[in-house]
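Trainee: give me coordinates for this.
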Amino acid sequence: MKKGILVLVAFVINWQLQAQIKVTDIAKIFDKYQQDLDASESKGKSDSQKLRLSYNPRMLNMFMANNISNYISSSKDISLQKYYAVLESGDGSLFLGYNFMFRKDKIDRLRQVFNVGIKTNMENNFSALLVNDNVNPELALNLKYSYIFRGAIRYYPSHKDAVKKYRDEFLKKKYAEILKKYEDTGPAGEDNTDIEARLKYATNLSAEEKQELIDDEYTSIYQKIAEDEEKFITENKMFNSIILRWINLEGYLPVANKKYEVAPSLSIFNTIVKEMYNFNVSVSYTRMQKWKSKQIFYTTGTASIYNINNIINKELKIYKFETIVNQGGNNQTVSDTKDAYVGVYKSGTAISLKAELIGFIYKDITGLSVAGELVYGPFTARNWKFGIPFSLKDKDDKPSVNLELQLKEVFGVHSIGISVGYVFGRFFK
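Mentor: Take a look at the predicted model:
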């Protein structure tokens, strides 16, 4: 009796696996694509009560992700490239990062991005990892976690009607021809598709591996339909605006303490070495709204905690000390030189609250920015900045060079200059 039950269970399991492995299901992908327009919260309701979505939700996942990285000027901004680098002139640093995005494919919703990177200073176009056999104190591990909320799209009824017409009259006809070849499959049929031939002749594949092949083929074609619709919406501006929001949690963790040579006064050559662990941890919230005219507004609020000293805030100035030795007669020579900060050294932990608004008024190329920051701790300050940002795109319309003409006050010091963020990720494979 037990043997009979085991045989029956094995038969049922095998039958279930065989039922799953059906290439003919791929022929019904477009029907599935249209069925996904029925809102999930409408399940179980009558046809008259169901809420019909205007845009396919999985297509919107791709559409939103493609629009989230319009402006990258520093390591704090979101990039969806797996490997990327940012050269920042503002703090003279080079950032190299790798992204974990936790999504299976482009039509899966982008919820989280975890970035692991290293950040180091640039001096004379060179980034040192070791200095005099010691680890560069400017070398740091940079960790960033981003959570992206579900995006929103605003549109007019005319947009909805145009997309529906394109989907029903063009896409449906286009993919009817492509999907037709998946209908006539089976042991008695011909090998109309590559995947059917692989399933038929690759006898070494397990049932799970065969199912994986079909799943990949299914997702690939579904994604192509979504890409066509997404391209139509983007190129023909079939929306009024889109809104994206995300939270960043970032930590800048140096691998070593930074050392400072400090002299009590200009008349005393002897210096004291002061050390500080220059960490920075921050949490930020960003709201981005992009209009079909390519105007974009970013609103960001950031809270940070970090170590600071009166060298970082420019209170102490650096001077060059020289030791002069008499060589007899009227001859003198410099036997030793040393750079040191002069004054009473102070340090501590600061808390910063910052708000920033960046608006690209002329398309997504240039605009205005304003920022204000309150610093609490051993050194208090009210920092501010006004800027004119510029964003230059590559051939794929992705940000590559971002620069900003700035007028700012930081710890009472006024300055005018240009901050440049150069993004290069296309060189990485």
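Trainee: now the longest strand anywhere in the chain: average pLDDT?
Mentor: Of all the segments assigned as strand in the chain under DSSP state E, the longest by residue count is strand 347-362. Averaging the model's pLDDT scores along strand 347-362 yields 95.
Trainee: what's the first helix or strand after the lowest-mean-pLDDT helix or strand in the chain?
Mentor: When the helices and strands of the chain are scored by mean pLDDT, DSSP states H and E, helix 2-20 comes last with a mean of 41. For helix 2-20, the succeeding helix or strand toward the C-terminus, using DSSP states H and E, is helix 29-35.
Trainee: buried residues, that following helix. List them.
Mentor: Buried residues in helix 29-35, counting neighbours by 16 or more other Cβ atoms under 10 Å, are found at 29-30, 33. Heads up, the C-betas are built off the backbone N, CA and C, glycines and all.
Trainee: my read is K172 is in a helix, agree?
Mentor: Yes - assessed with DSSP: H, G, I helix; E, B strand; the rest coil, K172 lies in a helix.
Trainee: identify the residue nearest it in space, chain neighbours excluded?
Mentor: When the adjacent residues along the chain are set aside, K172 lies closest to F30, with 6.1 Å between them (Cβ to Cβ, 6 or more residues apart in numbering).
Trainee: rewinding a little: closest to K317 among the buried residues of helix 29-35?
Mentor: Each of the buried residues of helix 29-35 was checked against K317 using Cβ to Cβ; the closest is Y33, at 65.7 Å.
Trainee: quick one: contacts for the residue lying closest to that closest one once chain neighbours are set aside?
Mentor: Counting by Cβ to Cβ, 6+ apart, I225 is the residue found nearest to Y33 once chain neighbours are left out, at 5.4 Å. The neighbourhood of I225, defined by Cβ atoms under 8 Å, 6 or more residues apart in numbering, consists of 29-30, 33, 59, 171, 175.
Trainee: surely I225 is in a strand?
Mentor: No - remark: I225 does not belong to a strand; assigned using three-state DSSP, it is helix.
Trainee: can we start the residue count at 705 from this point?
Mentor: Okay, using 705 as the starting number, the last item reads as I929.
Trainee: distance-wise, check it relative to T923.
Mentor: Spatial separation of I929 from T923 under the definition Cβ to Cβ, to the nearest Å is 11 Å.
Trainee: do Q785 as well
Mentor: When Cβ to Cβ is applied, the distance between Q785 and T923 equals 22 Å.
Trainee: pLDDT on stretch 932-942, on average?
Mentor: For stretch 932-942, the mean per-residue pLDDT is 94.
Trainee: now tell me what touches that stretch from outside.
Mentor: Applying Cβ under 8 Å, 6+ apart, the contact partners of stretch 932-942 are 759-760, 763, 766-767, 770, 859, 863, 866-867, 870-871, 875, 878, 943, 996.
Trainee: the residues you listed: which two are farthest apart?
Mentor: Pairwise distances across the contacts of stretch 932-942 peak at 25.0 Å for K878 and K996 (criterion: Cβ to Cβ).
Trainee: of those two, which one has the most company?
Mentor: For K878 and K996, the more surrounded residue by other Cβ atoms under 10 Å is K996, and the numbers stand at 17 against 14.
Trainee: wait, that one touches N944, no?
Mentor: Yes - between K996 and N944 there is a contact under Cβ atoms under 8 Å: 6.2 Å.
Trainee: show me where pLDDT drops low in this protein?
Mentor: 705-725, 743-756, 773-780, 793-795, 826-839, 888-896, 1027-1040, 1128-1133 (pLDDT under 70).
Trainee: pop the domain breakdown of it in here.
Mentor: The record, using automatic domain parsing to delimit domains, assigns the chain the ranges 706-757+860-939, 762-859+943-1128.
Trainee: so what's T1070 up against?
Mentor: 1064, 1092-1095.
Trainee: just the buried members of the residues you listed?
Mentor: Buried residues within those, defined by neighbour count using 16+ other Cβ under 10 Å: 1064, 1093-1095.
Trainee: and of these, the nearest to A906?
Mentor: S1095 (48.3 Å).
Trainee: neighbours around M766, how many?
Mentor: M766 is surrounded by 21 other residues when neighbours are defined as other Cβ under 10 Å.
Trainee: can I assume it sits in a helix?
Mentor: Yes - with three-state DSSP as the criterion, M766 is assigned to a helix.
Trainee: excluding its backbone neighbours, what's nearest it?
Mentor: With Cβ to Cβ, 6+ apart as the measure, K810 is the residue that lies nearest to M766, at 4.9 Å, once sequence neighbours are left out.
Trainee: could you do A930 as well?
Mentor: Going by Cβ to Cβ, 6+ apart, A930 has M763 as its nearest residue, at 3.9 Å.
Trainee: kindly report the same for I1055.
Mentor: If you skip the residues right next to it in sequence, I1055 has Y1080 as its closest partner in space, 4.7 Å away by Cβ to Cβ, 6+ apart.
Trainee: pop out the phi and psi values for the one you found.
Mentor: When quoted as degrees, to the nearest 10, the phi and psi of Y1080 stand at phi -120, psi 150.
Trainee: just the contacts of stretch 932-942 now: which is nearest I1122?
Mentor: Taking Cβ to Cβ as the measure, I1122 lies nearest N770 of the contacts of stretch 932-942, at 29.0 Å.
Trainee: where does that closest one sit: helix, strand or coil?
Mentor: Secondary structure of N770, reduced to three states by three-state DSSP: helix.
Trainee: contacting residues around it?
Mentor: Applying Cβ under 8 Å, 6+ apart to N770 gives the contacts 934, 938.
Trainee: ok, now with 10 Å
Mentor: By Cβ atoms under 10 Å, 6 or more residues apart in numbering, the contact list for N770 reads 784, 810, 814, 934, 938, 1101-1102.
Trainee: now do it against L948, distance only.
Mentor: The spacing between N770 and L948, counted by Cβ to Cβ, is 11 Å.
Trainee: no further queries at this time; thank you.
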